[in-house]
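Trainee: No letters, just coordinates:
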């Protein structure tokens, strides 16, 4: 059955957190409650928290927002989480979630979307590449603090 | 990451054959298109056939056709058939390649070159043949 993409609801949060836990092996209940408050409830404005639902089950989710002048960049859409339940992969769920959030970004006048990934995460890196994403003109840097 | 000629010829052959699935291409046909020696290309195609990336079809009208999985086969998979991917940062002085070896300057340069190689490798590992064919199609539309 084809998944339907819609805005997240409070009742979805447990399944969203379970998908994340299945993938990352790290339970983060407080984090998900906070993310829901920030992206999934109230006036969402430039924020998106969408889920893909099939047969009453949440198969995946995508979270992102429009940011202005971050890192000196003109207004663009940022996708900072996109996950699909391992058992529901290879069925186009991720593509539909990305298409849906991009539609939301376009409605807000945004013409560019970005994300950032761990370079050893081949699965998700390959997914975004297959969707046409290319290297951005930015380089992420980090420093170990003593 | 500087690729050897053989590696580039292999990438041309893989993408050329994958963009015409089911069709047999002769080594001469590919060689003419990319202005390379058919003799040289034949060796490259032989390696690709041994790896199961292309299939050699004998007889009249024979040639090579793509036999890999375009969605799964990455550019790094093809490159890995022709290059030593576990080799340390190319271009680094021999002594700078070992983390513990060399002077402070050599180690620091080696670290930066290794960083560049790691990024290049991650990029090549994330791009499948199917993704590159899509990119080609997009570029042709522009």
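Mentor: Sure thing, it's come through. Quick caveat, the model's predicted, so the values are computed rather than measured.
Trainee: what does chain B have sitting close to chain A?
Mentor: B:71, B:74, B:118-119, B:122-123, B:125-128, B:130-131, B:134-135, B:138 (Cβ under 8 Å from any Cβ of the partner chain). For every residue, glycine as well, the C-beta is placed using N, CA and C.
Trainee: Which pair in those has the greatest spatial separation?
Mentor: In the residues of chain B next to chain A, two members sit farther apart than any others by Cβ to Cβ. They are B:118 and B:138, at 27.2 Å.
Trainee: the more surrounded of the two?
Mentor: The residue with more neighbours, out of residue B:118 and residue B:138, is residue B:118; 13 against 10, by other Cβ atoms under 10 Å in any protein chain shown.
Trainee: Give me the neighbour count for residue 105.
Mentor: Because you didn't say which chain, this covers chain A. 23.
Trainee: wrong chain, I was asking about chain B
Mentor: Count around residue B:105 with other Cβ under 10 Å applied: 10.
Trainee: cool, residue B:75 as well?
Mentor: Using other Cβ under 10 Å, residue B:75 has 21 other residues around it.
Trainee: what's the answer for residue A:51, then?
Mentor: By the criterion of other Cβ under 10 Å, residue A:51 has 25 neighbours.
Trainee: How about the contacts made by it?
Mentor: Listed by Cβ atoms under 8 Å, 6 or more residues apart in numbering or on different chains, the contact set of residue A:51 reads A:5, A:6, A:7, A:8, A:12, A:16, A:58, A:60, A:61.
Trainee: All the strands of the chain, in order from the start?
Mentor: Let's take chain A. Ranges of strands in chain A, per DSSP state E, are A:4-7, A:47-54, A:57-67, A:76-84, A:113-115.
Trainee: that answer is for a different chain, and I need it for chain B
Mentor: Using DSSP E, the strands of chain B run over B:54-57, B:63-66.
Trainee: Using neighbour counts, trim the residues of chain B next to chain A to the buried set.
Mentor: Among those, the ones that count as buried by 16 or more other Cβ atoms under 10 Å in any protein chain shown are B:74, B:122, B:123, B:125, B:126, B:127, B:128, B:130, B:131.
Trainee: Adding pLDDT, write the residues you listed out as CSV.
Mentor: Output for these, formatted as CSV (pLDDT from 0 to 100):
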residue, pLDDT
B:74, 97
B:122, 94
B:123, 94
B:125, 95
B:126, 95
B:127, 97
B:128, 97
B:130, 97
B:131, 97
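Trainee: Filter those down to just the ones in helices.
Mentor: The helices, defined by DSSP state H, take in B:122, B:123, B:125, B:126, B:130, B:131 from these.
Trainee: which one of those residues is nearest residue B:81?
Mentor: Using Cβ to Cβ, those come closest to residue B:81 at residue B:125, 14.2 Å.
Trainee: pretty sure the closest one contacts residue B:78?
Mentor: No. Look at residue B:125 against residue B:78 with Cβ atoms under 8 Å: they stay out of range, at 11.2 Å.
Trainee: re the thing from before, mind putting the ones in helices among the buried ones among the residues of chain B next to chain A in a markdown table, distance to residue B:103 included?
Mentor: As requested, those are arranged in a markdown table below (distance: Cβ to Cβ, whole Å):
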| residue | distance to residue B:103 |
| --- | --- |
| B:122 | 29 |
| B:123 | 30 |
| B:125 | 32 |
| B:126 | 35 |
| B:130 | 46 |
| B:131 | 42 |
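Trainee: Which positions in chain A make contact with chain B?
Mentor: A:119, A:120, A:122, A:125, A:126, A:129, A:130, A:132, A:135.
Trainee: Once you drop chain neighbours, what's closest to the fifth one?
Mentor: Excluding the flanking residues, the one nearest residue A:126 by Cβ to Cβ, 6 or more residues apart in numbering or on different chains is residue B:126, at 4.8 Å.
Trainee: Could you report the pLDDT at residue B:86?
Mentor: Per-residue pLDDT puts residue B:86 at 71.
Trainee: What is the neighbour count of it?
Mentor: By other Cβ under 10 Å, neighbour count at residue B:86 equals 6.
Trainee: Please apply the same query to residue A:128.
Mentor: With other Cβ under 10 Å as criterion, residue A:128 counts 20.
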